[in-house]
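*Asks:* Only the shape, not the letters, is given here:
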């Protein structure tokens, strides 16, 4: 009995510890963003603040701030939604085409596409940068959308292909016997099957585009198309600790909310439970 | 000569086969059309430029026109490998990646075992654990930078409040400490992903195995070593490889936390500096290929190691 109680206590202690490891750093950032600069810079810290101020958020979101955070948020939304939509348009048909040996050597094609993730990023960035400058695609939102889409495509194909291949082959054979041709097979049988995968894939693509830092660092120089992740490190915002914290919170807010809202689905799709 | 019967049946079958073939050909054509956009965009954006850099690594490159001035053979490689600073960067990258992989897996195992038990608030913890994954790496950099900030950091404030010192230490000015702060930030960021997979691996282990072990009176510790660990190995292999490639790719946190200060740079960052700060494309390409080879070797080592471990775990 005592052993059981001790076991329970140990579980709760561990749970609290894990919670602190994960959440405490985030909490300190949020806390910093809600305090006046003079209080941030003292050695007196209250983990439960006596007041809260939105001053830094107001300053940061004002038009004409050194780093146009508001515009950056809009840019990030446009680019992330654009990339997520485009990658779905490309990866959904490809996931079907590369599944179940519909295309000879389909597996190898997928491996070749996925090799993108092993290649050091800087390797393709160098010539790509010169190509983009030549085509006038650098410093454009569309350029970023294309770059993100290309990088996300192999991963999203993997996610969606699992849904196609989780469908029993008998379903496909039955559909064929009923006179379904391969175009209908794709549109009527597999598109509906992929639907939960598509929403999860859209979410992944959006989040991964939102957090991307290296690509805009290389491919954009103009403040006009600044993304919010990059915005944290363009300009001199980091001198103002409170403002930097506020901008950082704004930069993470949409993806954090999405993750909390869809945590179940993310967990299940990532670990393959959704297709089992 | 074939018998008349065989001929008859083959005559009958021929159109069938032909029809099947054209059907299959049609199917292949359709599948190819569906795959084509993916091939074009990934190939055009990433694979083709990567191949172009093979040539660069053996040449002197004119940046403005992206043309090769002259072929210099292995000069770029030789110069890099003779540079002690570059060699130090290689060792640092390996240390960086391996510490991240092993520490994350260790922590993830602990958290996954915890989440596998029933307790009040488990679902809340399960959602919370996802959070670092959702945080943009650049924000993670900002966040840890603020915690370790010399004047305004919470760490120094805690040290001061506890009377452990004056609390004015400039953590990030020391390269060795800064490197480990970066490592910590990366482990924190990777934790959700690895935990999820380890948890899924643990949950896939049939409960009957534990029942049998309990009947044999095996201790919890023994059960962990002989059941849980070996049976989650198949999940750990791909996860650790993915994580290894991620760790080797770390950029944002380094950029934000130290600005690539000497002693905190890993190979990937070195390539960035060579290419986009010093504009020496030949040397950058060569360094990137050295990185690729190291990465592949590390992946291979992991695969072999774990294959051995799985065999040992099952038989032993």
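*Replies:* Thanks, I have it. All figures in this text were calculated on a predicted structure; none of them were measured in a lab. Residues are numbered from 1 along each chain as shown, chains lettered A, B, ... in the order given.
*Asks:* going forward, measure contacts and count neighbours with C-alpha atoms only.
*Replies:* Will do.
*Asks:* Do you know the pLDDT at residue 55?
*Replies:* By default, I'm working from chain A. Note on residue A:55: pLDDT of 89.
*Asks:* wrong one, chain B
*Replies:* You'll see residue B:55 listed with a pLDDT of 82.
*Asks:* Contact partners for it?
*Replies:* Applying C-alpha atoms under 8 Å, 6 or more residues apart in numbering or on different chains, we find residue B:55 in contact with no residue.
*Asks:* and it, what helix or strand is that in?
*Replies:* helix B:48-57 (DSSP states H and E).
*Asks:* Next, the buried residues of that helix.
*Replies:* Across helix B:48-57, burial judged by 16 or more other C-alpha atoms under 10 Å in any protein chain shown covers B:49, B:50, B:52, B:53, B:54, B:55, B:56, B:57.
*Asks:* Could you do stretch B:298-308 as well?
*Replies:* Going by neighbour count (16+ other C-alpha under 10 Å), the buried part of stretch B:298-308 is B:298, B:299, B:302, B:303, B:306.
*Asks:* what's the domain layout of the chain?
*Replies:* Let's take chain A. Split into domains by automatic domain parsing, chain A comes to A:1-53, A:60-270.
*Asks:* that's the wrong chain, I wanted chain B
*Replies:* Domain segmentation of chain B under automatic domain parsing yields B:4-57, B:77-315.
*Asks:* Tell me which of the domains of chain A is the most buried.
*Replies:* Highest mean neighbour count of the domains of chain A: domain A:60-270, a mean of 20 (counted as mean count of other C-alpha atoms under 10 Å in any protein chain shown).
*Asks:* Show the contacting residues for residue B:73.
*Replies:* Per C-alpha under 8 Å, 6+ apart, neighbours of residue B:73: B:58, B:59.
*Asks:* pretty sure it is in a strand, no?
*Replies:* No: assignment of residue B:73 by DSSP: H, G, I helix; E, B strand; the rest coil gives coil, placing it outside any strand.
*Asks:* For it, give its distance to residue B:80.
*Replies:* Using C-alpha to C-alpha, to the nearest Å, one obtains 13 Å as the distance from residue B:73 to residue B:80.
*Asks:* so what secondary structure elements neighbour the helix or strand residue B:186 falls within?
*Replies:* Using DSSP H and E, residue B:186 sits within helix B:175-203. Counting contacts by 3 or more C-alpha pairs under 8 Å, 6 or more residues apart in numbering or on different chains; DSSP states H and E, helix B:175-203 packs against helix B:84-115, helix B:131-134, helix B:137-147, helix B:229-249, helix B:252-257.
*Asks:* re earlier: which one of the buried residues of helix B:48-57 sits closest to residue A:77?
*Replies:* Relative to residue A:77, the closest of the buried residues of helix B:48-57 is residue B:49; by C-alpha to C-alpha it sits at 28.1 Å.
*Asks:* now that closest one, nearest residue through space, not along the chain?
*Replies:* Using C-alpha to C-alpha, 6 or more residues apart in numbering or on different chains and skipping the chain neighbours, the partner closest in space to residue B:49 is residue A:124 (5.0 Å).
*Asks:* before we move on, what about residue B:122?
*Replies:* residue B:115 (6.6 Å).
*Asks:* And for the one you found, the neighbour number?
*Replies:* By other C-alpha atoms under 10 Å in any protein chain shown, the residues close to residue B:115 number 19.
*Asks:* pretty sure it is touching residue B:127, no?
*Replies:* No: using C-alpha atoms under 8 Å, residue B:115 is not in contact with residue B:127, being 11.0 Å away.
*Asks:* Could you tell me the angle between the longest helix along chain A and helix B:175-203?
*Replies:* If you go by DSSP state H, chain A has its longest helix at helix A:2-33. For helix A:2-33 against helix B:175-203, the angle by axes from the mean of the first three to the mean of the last three C-alpha atoms, to 10 degrees is 130 degrees.
*Asks:* Mind checking what helix or strand follows helix A:2-33 in sequence?
*Replies:* Per DSSP H and E, the helix or strand that comes after helix A:2-33 is helix A:37-40.
*Asks:* Now the element after that next one, going C-ward?
*Replies:* Per DSSP H and E, helix A:37-40 leads on to helix A:55-61 as the next helix or strand towards the C-terminus.
*Asks:* name the helices or strands packed onto that following helix?
*Replies:* Using 3+ C-alpha pairs under 8 Å, 6+ apart: helix A:55-61 touches helix A:69-97, helix A:241-261.
*Asks:* so where is the stretch 51-200 of chain B shaky, pLDDT-wise?
*Replies:* Residues of the stretch 51-200 of chain B meeting the criterion pLDDT under 70: B:64-66.
*Asks:* how about the residues of it near chain A?
*Replies:* For the stretch 51-200 of chain B, the residues in contact with chain A (C-alpha under 8 Å from any C-alpha of the partner chain) are B:52-53, B:64-66, B:111, B:114, B:119, B:125, B:127-132, B:134-139, B:142-144, B:146-147, B:151-154, B:156-158, B:160-161, B:188, B:196-197, B:200.
*Asks:* Filter those residues down to just the buried residues.
*Replies:* In these, the ones that pass as buried (16+ other C-alpha under 10 Å) are B:52-53, B:111, B:114, B:125, B:127-132, B:134-139, B:142-144, B:146-147, B:151-154, B:156-158, B:160, B:188, B:196-197, B:200.
*Asks:* Low-confidence regions, the stretch 1-150 of chain A specifically.
*Replies:* Scanning the stretch 1-150 of chain A for pLDDT under 70 picks out nothing.
*Asks:* how about the residue nearest to residue A:78 when sequence neighbours are not counted, what does it touch?
*Replies:* If you skip the residues right next to it in sequence, residue A:78 has residue A:141 as its closest partner in space, 8.0 Å away by C-alpha to C-alpha, 6+ apart. Residues in contact with residue A:141 (C-alpha under 8 Å, 6+ apart) are A:75, A:78, A:79, A:225.
*Asks:* Now do the SS call for the nearest residue to the third one once chain neighbours are set aside.
*Replies:* Put plainly, it is residue A:79. Setting aside the residues directly before and after it, residue A:79 is nearest to residue A:145 in space (C-alpha to C-alpha, 6+ apart), at 5.7 Å. Secondary structure assignment for residue A:145 (three-state DSSP): helix.
*Asks:* what's the spacing between residue A:145 and chain B?
*Replies:* Here the criterion is C-alpha to the nearest C-alpha, to the nearest Å. By it, residue A:145 lies 12 Å from chain B.
*Asks:* Please apply the same query to residue A:123.
*Replies:* As judged by C-alpha to the nearest C-alpha, residue A:123 and chain B stand 6 Å apart.
*Asks:* do residue A:100 as well
*Replies:* Taking C-alpha to the nearest C-alpha as the measure, residue A:100 falls 11 Å from chain B.
*Asks:* my read is that residue is in a strand, agree?
*Replies:* No: Residue A:100 is assigned coil when assessed by three-state DSSP, not a strand.
*Asks:* so where does the residue nearest to it when sequence neighbours are not counted fall, helix or strand?
*Replies:* Closest residue to residue A:100 apart from its sequence neighbours, by C-alpha to C-alpha, 6+ apart: residue A:165 at 7.0 Å. Using DSSP H and E, residue A:165 maps to helix A:141-166.
*Asks:* Any residues of the stretch 51-200 of chain A in contact with chain B? List them.
*Replies:* Proximity of the stretch 51-200 of chain A to chain B, by C-alpha under 8 Å from any C-alpha, involves residues A:90-91, A:93-98, A:102-104, A:113, A:116-128, A:130, A:147, A:150-151, A:153-154, A:182-183.
*Asks:* could you redo the last one with a cut-off of 7 Å?
*Replies:* A:90-91, A:93-94, A:97, A:102-103, A:113, A:116, A:118-120, A:122-124, A:126-128, A:130, A:150-151, A:153, A:182 (C-alpha under 7 Å from any C-alpha of the partner chain).
*Asks:* rewinding a little: quick one: which of the helices and strands packed on helix A:55-61 is nearest residue A:202?
*Replies:* With distances scored as C-alpha to C-alpha, the stretch of the helices and strands packed on helix A:55-61 nearest to residue A:202 is helix A:69-97 (5.3 Å).
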